[in-house]
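J.: Got a predicted structure here, sequence first:
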2 protein chains.
Amino acid sequence: MFNDFKPVDGRPVYIQLKEYLKKMITNGHLLEHQKLPSTRELSTLLSVSRNTVLTAYADLEQEGLIYAIKGKGNFVGRVETSKAPSIQLNWEEKVSEVTLLAEEMDLMKHGVRWNKGMIAFNSIAPDEKLFDVENFKRAFLTRMSIEGDIVLNYGYAKGFKPLIDYLLHYMEIKGVDISNKDILITNGFTEGLDILLSSLAKKSGRILCENPTHHSALKLFRLHGFEIHGIEMEDDGINIPQLEKSLSESNFDFSYLIPSYHNPTGIVTSSEKRMEMMRLMSKYQIPILEDGFNEELRYSGSHLAPFAAFAGNGNNVIYLSSFSKILFPGLRVGWILADKELIYYLESMKRARTIHTSTLDQAVLYQYLHDGHFEKYLKRARAVYKKKYELAVHACEQYLPFKRITGDGGLHLFIELEKHINVRELLKKCYQMGVVFSPGDIFYTNGEGSNTFRLGFSRLKEEEIVRGIKIIGDILKREFGGS
Amino acid sequence: MFNDFKPVDGRPVYIQLKEYLKKMITNGHLLEHQKLPSTRELSTLLSVSRNTVLTAYADLEQEGLIYAIKGKGNFVGRVETSKAPSIQLNWEEKVSEVTLLAEEMDLMKHGVRWNKGMIAFNSIAPDEKLFDVENFKRAFLTRMSIEGDIVLNYGYAKGFKPLIDYLLHYMEIKGVDISNKDILITNGFTEGLDILLSSLAKKSGRILCENPTHHSALKLFRLHGFEIHGIEMEDDGINIPQLEKSLSESNFDFSYLIPSYHNPTGIVTSSEKRMEMMRLMSKYQIPILEDGFNEELRYSGSHLAPFAAFAGNGNNVIYLSSFSKILFPGLRVGWILADKELIYYLESMKRARTIHTSTLDQAVLYQYLHDGHFEKYLKRARAVYKKKYELAVHACEQYLPFKRITGDGGLHLFIELEKHINVRELLKKCYQMGVVFSPGDIFYTNGEGSNTFRLGFSRLKEEEIVRGIKIIGDILKREFGGS
């Protein structure tokens, strides 16, 4: 007995001893009224200091797990270890339809698998080697010294006030009229979208969006039971006549649009199309959910105003964003900028569901932004990603027999092959050669896209980008008759 | 022009200048092709270094907001500042029924209001003066030095692996059989409950719980459209014959129970009743959502096993908890321990809704726990809260003409007055005297409790606790004929 006590490093030994004994008591290995070894005995037996045993025993006594009798020693206290009749429920039968669908659409479970050492083009997460860990630490320490106790206690559902003010200003300098707007901080973009989908009344039950579009958004639309109507993407944005036709024919509860670095195509919607789209949405009184995805990762070109700016003092644009894809995805901080009245309602939903977003995350992010580190980081990140982007475009042009390639920046490209080529088949062959990517069909609203795929290059080394694209190209030419 | 540029401290001036100019461009105060002052002029005008202006101009140029002509200077670029026809939607008409209900039940909006300087018994948040900020900082720096880049990048929906392992062990030493269990990390207890309510199929649509019970849980039950069936609380837990009767008469999708420091009554369910409840739940095959609320804040007495331990290798108990109420509520970290198969499904729901819980929060919390700071903090917190608890009980006995008082520990007491006394009326009078508390009716499943209230003492000074209770008692005696 007691010979399997093996303390690990870095954790006080008395706590480990206490837990070890507690476990033996609660699982019935030590019985009620059983005498424990004396502190001297146990310290010798386990090669720990006597103080360690004394402290462990004192804690156990305080928790009511052991009791001491003066002059006699320590004894195991009364602990209920009997069990109720064991029952086994079939949980699969007890989960809801929507949960089964979430599982079915879970790309981490059913998407492309890859192993270490493979060239994985399926991620568009930022490259952690770029992370500005030192300044992040600095921001943390600064904020903690200003108001550590505030940061660690409950905050407000709407969010951390200095961050909200920062973001309102941030949107204002993008040209957004913030006079009747407000901001709700969310656990990343995804929670923002989920809260919106729960909060907006379902009337027609139809959503209008670009086709293809962001997979996580599609998933949430489906989980919320919406019918999805996708509009074809041209090189400068959505097909306007198609959009107008759809708007004139059906009602939509809202539209979901990604004007900047559209995911997955990487297309940046032109200023003219933005204006045209805004006009149509205003005409048909359709709320716009604008996804500000990676708006910050423009490598070149003229300034483009978000829909939220085109709306002027109108209130039909709901702007969702986060810095996750650029800065620190491990911090789950996103935001919704929208009409004050709408935010007032969303705030109550947020409070009901998660009380509020981590104050720590918000406060450190705020400090990091305020201190100007984001600007500097962005310059560095842009330079690195731009180089990768140019390499990827160049390699595609050199090695890939594509029909169309899109992507004006950001962290990925989108490739369309000849109609007859099945990308799932291509992926299988590439997998065997150690290369994976995201098949395009998962982004389509209507089951199309079997001849498309997305190439995310953010986390790959420059050499891997070129080598990986060459491998895909070689397989395409050899096995699929690409020329 | 340019005379309203007023940089704030602590943020690089070039960024502030850049933002200032960007705002003037995007809102149309500076027009396309307009010449900007030379860097020398602007630096003199604004009393900033010439380098500051140079950097700001360079950044603006990179963003496409200005362009330079060699030898001529800098000019405003092409920026779309026209607006679409402004439309005003009536958002109140566009939000869903469930959102209106969330707003209606939002205690932060419609609950007790209080001002600074009042004695506010309505909070049960921890006292931030107790926070162990120094060790928290230490934990942060340790974790960042081990794997700062990992902490800041995407994590897994299920949670941060070392924290999950820690918590599994933590539950094991409480006597829980973890062999077929798994853990999902959530944004606090509240998100855990919300995910469960979304994930479990609604069959009977009925939930069984203690009456009164946790207000946030009641709110979520209602938002999810459940019918709530409450069972009366006795001094040692739920009324067992009533429970058995209800179980035999109706079907329930699950039960929600708070055996330790029941909120709001502070009652700790006895070991005998826990066993009896488990037996009944097993007999009727009812899943138990066990709320581990403040289980750690026992001030005395023998060890009590959670339902999750009584279940043995059965799989019908879903244990939800967080350290928020004790440790750092600003970190939104809670967890669900349940059957592996169920966690597998919940994981997909979690991923669909918020991707994952903040890795930063999880990693720092893990390090803090691992390093043994929690144990030490808990001892200190227990001592402080215990003293406040004893003072509060004593003051109630001395000053309050109550019919029943419950609360075996934790951070609050629950008071029942004579039937005829309307606590909302009492609250109004107390408010005038600078004292507020939580009226009990908000915790009841069936509109009862008009003669009850909860006294949270965690954040009050000792002197305030006594003074506040005396004021309530005086008003009761004077105005409500308490004796």
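T.: Perfect, I can see it now. Numbering: from 1, shown residues only, chains lettered A, B, ... in the order given.

J.: what distance separates stretch A:421-434 from the centre of its chain?
T.: With CA atoms, centre = their mean, to the nearest Å as the basis, stretch A:421-434 stands 27 Å off its chain's centre.

J.: buried ones in that stretch?
T.: Within stretch A:421-434, the residues that count as buried by 16 or more other CB atoms under 10 Å in any protein chain shown are A:I421, A:V423, A:L426, A:L427, A:K429, A:C430, A:Y431. The way it works is simple: take the backbone N, C-alpha and C, and place the C-beta from them, glycine included.

J.: So which of these belong to helices?
T.: A:V423, A:L426, A:L427, A:K429, A:C430, A:Y431 (DSSP state H).

J.: Next, find the distance separating the fifth one from chain B.
T.: From A:C430 over to chain B the distance is 23 Å, taken as CB to the nearest CB, to the nearest Å.

J.: and that residue, what does it touch?
T.: A:V436, A:F437, A:I471, A:I472, A:I475 (CB atoms under 8 Å, 6 or more residues apart in numbering or on different chains).

J.: what's the closest of those to A:L168?
T.: A:F437 (38.5 Å; CB to CB).

J.: Now that closest one: closest residue in space, sequence neighbours ignored.
T.: With sequence-adjacent residues excluded and distances taken as CB to CB, 6 or more residues apart in numbering or on different chains, A:F437 is closest to A:F121, at 3.9 Å.

J.: Hmm, the one you found is touching A:V435, no?
T.: Yes: in this structure A:F121 lies within contact range of A:V435 using CB atoms under 8 Å: 7.1 Å.

J.: Compare neighbour counts for these two and give me the winner.
T.: Each of A:F121 and A:V435 has its neighbours counted (other CB atoms under 10 Å in any protein chain shown); A:F121 has more, 29 against 23.

J.: Return the residues in contact with that one.
T.: Applying CB under 8 Å, 6+ apart, the residues contacting A:F121 are A:V435, A:V436, A:F437, A:S438, A:R454, A:L455, A:G456, A:F457, A:L460, A:G468.

J.: so where do the helices sit in the stretch 151-300 of chain A?
T.: Secondary structure of the stretch 151-300 of chain A by DSSP state H, counting those that start in this stretch: the helices cover A:161-172, A:188-199, A:215-223, A:240-249, A:271-283.

J.: Generate a markdown table for those helices, with mean pLDDT, mean neighbour count and distance to B:G155 as supplementary columns.
T.: Listed next are the helices of the stretch 151-300 of chain A as a markdown table, based on pLDDT from 0 to 100; neighbours: other CB atoms under 10 Å in any protein chain shown; distance: least, CB to CB, whole Å:
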| stretch | mean pLDDT | mean neighbour count | distance to B:G155 |
| --- | --- | --- | --- |
| helix A:161-172 | 97 | 18 | 21 |
| helix A:188-199 | 97 | 25 | 12 |
| helix A:215-223 | 97 | 21 | 16 |
| helix A:240-249 | 98 | 15 | 38 |
| helix A:271-283 | 95 | 20 | 35 |
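
J.: Can I get those helices in CSV including distance to chain B?
T.: Formatted as CSV, those follow (distance: least, CB to the nearest CB, whole Å):
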stretch, distance to chain B
helix A:161-172, 6
helix A:188-199, 4
helix A:215-223, 6
helix A:240-249, 14
helix A:271-283, 4
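
J.: sorry, back to before: looking at the contacts of A:F121, which one is closest to B:L200?
T.: After measuring the contacts of A:F121 against B:L200 - CB to CB - the closest member comes out as A:S438, at 31.9 Å.

J.: tell me the pLDDT at the closest residue to A:Y67 other than its chain neighbours?
T.: Once flanking residues are discounted, A:Y67 sits nearest to A:G77: 5.1 Å by CB to CB, 6+ apart. Listed pLDDT for A:G77 reads 93.

J.: does A:G77 really touch A:G64, like I thought?
T.: Yes: with contact defined as CB under 8 Å, A:G77 reaches A:G64; the gap is 5.7 Å.

J.: So for these two, which residues contact both of them?
T.: With CB under 8 Å, 6+ apart as the test, A:G77 and A:G64 both reach B:S302, B:H303.

J.: who's in contact with A:V384?
T.: A:D127, A:L130.

J.: Repeat the analysis, applying 7 Å as the threshold.
T.: Applying CB atoms under 7 Å, 6 or more residues apart in numbering or on different chains, we find A:V384 in contact with A:L130.

J.: just the angle between the strand or helix carrying it and helix A:161-172, please?
T.: Per DSSP states H and E, A:V384 falls inside helix A:373-399. Between helix A:373-399 and helix A:161-172, the angle comes out at 50 degrees (axes from the mean of the first three to the mean of the last three CA atoms, to 10 degrees).

J.: related to what we said a few turns ago, among the contacts of A:F121, name the ones in helices.
T.: Per DSSP H, the subset of the contacts of A:F121 in helices is A:G468.

J.: Can you add distance to B:R351 and give the helices of the stretch 151-300 of chain A back as CSV?
T.: Output for the helices of the stretch 151-300 of chain A, formatted as CSV (distance: least, CB to CB, whole Å):
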stretch, distance to B:R351
helix A:161-172, 25
helix A:188-199, 9
helix A:215-223, 9
helix A:240-249, 31
helix A:271-283, 31
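
J.: Tell me which of those helices approaches B:L218 most closely.
T.: Smallest distance to B:L218 across the helices of the stretch 151-300 of chain A (CB to CB): 18.5 Å, for helix A:188-199.

J.: For the closest one, give me every contacting residue.
T.: Contacting residues not belonging to helix A:188-199 are listed as A:186, A:216-217, A:220, A:224, A:289, A:318, A:320-322, A:324, A:332-336, A:345-346, A:349-350, B:95-96, B:98-99, B:353-355 [CB under 7 Å, 6+ apart].
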